[in-house]
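Chemist: Sequence first, then the predicted structure, then my questions.
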Amino acid sequence: MRDGVRGAALVAAVLAAGLLLAGLSACKLDASYDKYAIVYGVSVYDPSSPENDGPGPNLIYPNDDADAMEAMLGLQGYAVLTRTDEEATLANLRDDIDTVAVAAGEDDLFVFYFSGHGGYDGTGPEPSAADYLTEWIYLHGSVAPTNLSATLSDDQLVAAFAPIASRRKVIILDACNSGGFIGNELEADGEPSSLVEGNESIVDLAAKAIRQYANFDGSTADVPPWEALVLSASGEREFSYESPDSFGAGPQLNHGVFTYYLLKSVREGDANRDGWVTVTEAFAYTQKMIYRYWNYGYGFPSAAFSPHVSGGPVDYVLFEAR
Amino acid sequence: MLLAALSALFPVAAVAASPIGGLALGGFAGGGVAFAESPYFPMKVQPWWTGGLALEFPLGSQFGLGLSLGFHQAGASGMGAGFLYRGYYGLEAGAYLQVRGLHMGAVGGTELLGGMAVGATASFDVYSRTELLFYYPSFLMEPYLEVHFPRLGRHTFSLGLPNRVQFRKDLDMSASLGLNLRWRWYPKWKREGA
């Protein structure tokens, strides 16, 4: 009997020590790795039109978004390659990827940030995680919505970044329809692909989760979490907004709405106060702020949108909270 | 086969003397550590806790069938090397076979009984700070000691060591172990004819 009590006490002590270690290690970050970022922003797709051309192909703030991201990531210790407007071409992106691929090792962190137009070729949400629809970002040289000569699709993005050896890749997209880049193979996203069109029921989501579990075979579609974590500004069937827009409407953020709050997440997004902002924390913060200050304050209902994030069991440290 | 093995381990004669048994309602709460290892990243430890309700039906004097409905949560792992395993929480429904044996006798009216629960659960979880819902089944094995103090009427408490293997398809390994405190209320003792 005494042996039994001693055994139980020993097990309890071991478990307590395990919990303590798990808790203590939560605040430690072995920063012995390098961080690389490629930052692209395209405001001007058609040089013959003004930057602020209303319903035309050009946008207002993506180049400012890219400059602000470059500054922030630089302060965070990232080695940053930035291209805006006419420099943000497909050819330059491939060159920049080659440059990072030479330097980045397996344990390093790589971030790709893009602000500009996004699009997709479907009329409905993907019926499963399989890649029935293709989404893309418009680099300079293409003109939304029809000139696709310099676009990069979800599948092409995975292939394009393959030369970079880092196991930790993060793709941040401030673009319309960017949620469609996320290839969650095992998760049913309760955040709808279009807020305007509404949610799936919890029963439908649970059934979808079971189907995904049963059908999972490790094949890749879109950008699966094990290739890169995607943090998208909007859902697959949503626009991503900049503010104020080309008509002067909207709060004076002077950025893409998503990028504005993503930049603020460095200071305010550390939800668990451990000194670090992970991809998931940055997502949660930008989503909360967009709901609070854009969707409920301005965008509802027709201009409401929501960021999305990749699934998968692993999360990465993105920023030091400061 | 499993029943035969467990019967050999826990002989019927040993529990015959115990009053503990019969239909039981109860609740449980516990915690421990979970281990996760992805194909791309090394293993890390996550804190884990659970709670829920259970209904147990007797199957003869030695076996029982339990049904449970519970909540569980795993905290995020540490973030060494710049990565962490996400925290998650969710609901689980389980069924388990209960084998009772190892009646350790009564001291001053206090009864002590050893047992084992073996079963499976189906879990629907959400990653913390997201709306990403995912499903996985688990296998559970929990040896336990159940104690009955005469003052507590037909209430008992047990302390178990739950070991769980989670069949996550995006992890090479997902398992947990911990301590589980369980309360049971027997509307009727088995010696009362249940």
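Modeler: It's in. Numbers count the residues shown, from 1 in each chain, chains lettered A, B, ... in the order given.

Chemist: Next, the residue of chain B found nearest chain A: phi, psi?
Modeler: Going by C-beta to the nearest C-beta, chain A is nearest to B:Gly78 of chain B, at 2.9 Å. In this view, the C-beta of every residue, glycine as well, is placed from N, C-alpha and C. Dihedral angles of B:Gly78 (phi, psi; degrees, to the nearest 10) stand at phi -70, psi 160.

Chemist: Can you check the pLDDT for it?
Modeler: pLDDT, B:Gly78: 95.

Chemist: Likewise for A:Gly311?
Modeler: 96.

Chemist: how far away is it from chain B?
Modeler: According to C-beta to the nearest C-beta, to the nearest Å, A:Gly311 and chain B sit 5 Å apart.

Chemist: so that residue sits in a helix?
Modeler: No: under the criterion used here (DSSP: H, G, I helix; E, B strand; the rest coil), A:Gly311 is coil, not part of a helix.

Chemist: so the residue of chain B closest to chain A sits right up against B:Gly87, yeah?
Modeler: No: applying C-beta atoms under 8 Å as the test, B:Gly78 and B:Gly87 come out as separate, 11.7 Å apart.

Chemist: quick revisit: could you give the number of residues near the residue of chain B closest to chain A?
Modeler: 23 (other C-beta atoms under 10 Å in any protein chain shown).

Chemist: How much space separates it from A:Arg292?
Modeler: 31 Å (C-beta to C-beta, to the nearest Å).

Chemist: quick one: least confident helix or strand in chain B?
Modeler: When each helix and strand of chain B is scored by mean pLDDT, DSSP states H and E, helix B:2-9 comes last, with a mean of 48.

Chemist: who does residue 113 bridge with?
Modeler: Looking at chain A here, since you left the chain open. A:Val39, A:Ile172 (DSSP bridges).

Chemist: ah, I was thinking of chain B
Modeler: Note on B:Leu113: beta-bridge partners by DSSP bridges are B:His103, B:Glu146.

Chemist: That one against B:Pro143, yeah?
Modeler: No: taking C-beta under 8 Å as the definition, B:Leu113 is not a contact partner of B:Pro143, at 11.8 Å.

Chemist: These two: which is more packed in?
Modeler: More crowded of B:Leu113 and B:Pro143, by other C-beta under 10 Å: B:Leu113, with 25 against 16.

Chemist: per-residue confidence at the more buried one?
Modeler: pLDDT, B:Leu113: 89.

Chemist: and if you look at A:Asn58?
Modeler: At A:Asn58, pLDDT is 93.

Chemist: I'd assumed A:Gly116 was in contact with it.
Modeler: No: using C-beta under 8 Å, A:Asn58 and A:Gly116 do not qualify as a contacting pair, with a distance of 10.0 Å.

Chemist: these two touch, right, B:Pro58 and B:Val99?
Modeler: No: the pair B:Pro58 and B:Val99 does not pass the contact test of C-beta under 8 Å, sitting 11.8 Å apart.

Chemist: between these two, what contacts are shared?
Modeler: Contact with both B:Pro58 and B:Val99 is made by residues B:Gly64, according to C-beta atoms under 8 Å, 6 or more residues apart in numbering or on different chains.

Chemist: higher neighbour count, the two?
Modeler: B:Val99 (24 against 18).

Chemist: for chain B, what spans make up the strands?
Modeler: B:24-37, B:44-59, B:63-74, B:83-85, B:88-107, B:110-127, B:132-148, B:155-160, B:163-166, B:173-185 (DSSP state E).

Chemist: Check those for me: which has the lowest mean pLDDT.
Modeler: strand B:88-107 (a mean of 87).

Chemist: by contact count, what packs against that strand?
Modeler: Packing partners of strand B:88-107 (3 or more C-beta pairs under 8 Å, 6 or more residues apart in numbering or on different chains; DSSP states H and E): helix B:2-9, helix B:12-16, strand B:44-59, strand B:63-74, strand B:110-127, strand B:132-148.

Chemist: Any chance of TSV for these, columns distance to A:Lys264?
Modeler: What follows is the helices and strands packed on strand B:88-107, written out as TSV (distance: least, C-beta to C-beta, whole Å):
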stretch	distance to A:Lys264
helix B:2-9	56
helix B:12-16	63
strand B:44-59	29
strand B:63-74	28
strand B:110-127	23
strand B:132-148	23
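
Chemist: Tell me which of these lies nearest to A:Pro224.
Modeler: For the helices and strands packed on strand B:88-107, proximity to A:Pro224 was assessed by C-beta to C-beta; strand B:132-148 is nearest, at 13.5 Å.

Chemist: Tell me the bridge partners for B:Phe35.
Modeler: Bridge pairing for B:Phe35 - DSSP bridges - gives B:Val45, B:Ala175.

Chemist: Let me know whether B:Arg164 touches B:Ser176 as I believe.
Modeler: Yes: counting by C-beta under 8 Å, B:Arg164 touches B:Ser176, with 4.7 Å between them.

Chemist: Those two - which one has more neighbours?
Modeler: Higher neighbour count among B:Arg164 and B:Ser176: B:Ser176, with 25 against 22, using other C-beta under 10 Å.

Chemist: Find the nearest non-adjacent residue to the more buried one, please.
Modeler: Nearest-residue entry for B:Ser176: B:Ala34, 3.9 Å, with adjacent residues in sequence omitted and distances by C-beta to C-beta, 6 or more residues apart in numbering or on different chains.

Chemist: Wait, the one you found touches B:Leu171, no?
Modeler: No: in this structure, B:Ala34 is not within contact of B:Leu171 by C-beta under 8 Å, at 10.5 Å.

Chemist: which of these two has more neighbours?
Modeler: When neighbours are counted by other C-beta under 10 Å, B:Ala34 and B:Leu171 differ, and B:Ala34 comes out ahead with 25 against 21.

Chemist: so which strand or helix has A:Ser149?
Modeler: In this assignment (DSSP states H and E), A:Ser149 forms part of neither any helix nor any strand.

Chemist: List the contacts of residue 63.
Modeler: This is for chain A. Counted by C-beta under 8 Å, 6+ apart, A:Asn63 has contacts A:Gly41, A:Val42, A:Ser43, A:Val44, A:Thr84, A:Asp85.

Chemist: try chain B instead
Modeler: Here B:Phe63 is in contact with B:Leu3, B:Leu97, B:Gln98, B:Val99, B:Arg100 (criterion: C-beta under 8 Å, 6+ apart).

Chemist: Please read off the pLDDT at the residue lying closest to A:Phe239 once chain neighbours are set aside from the model.
Modeler: Nearest residue to A:Phe239, sequence neighbours excluded (C-beta to C-beta, 6+ apart): A:Cys176, at 4.6 Å. Here the pLDDT value assigned to A:Cys176 is 94.

Chemist: For A:Cys176, pull up the helix or strand it's in.
Modeler: Using DSSP H and E, no helix or strand contains A:Cys176.

Chemist: quick one, phi psi at it?
Modeler: phi -60, psi 150.

Chemist: again with A:Asp98
Modeler: Dihedral angles phi and psi of A:Asp98 (degrees, to the nearest 10) take the values phi -60, psi -40.

Chemist: quick one: contacts for it?
Modeler: A:Pro163.

Chemist: how close does it sit to A:Leu81?
Modeler: From A:Asp98 to A:Leu81 the distance is 11 Å (C-beta to C-beta).

Chemist: before we move on, what about A:Asp189?
Modeler: Relative to A:Leu81, and taking C-beta to C-beta, A:Asp189 is found at 31 Å.
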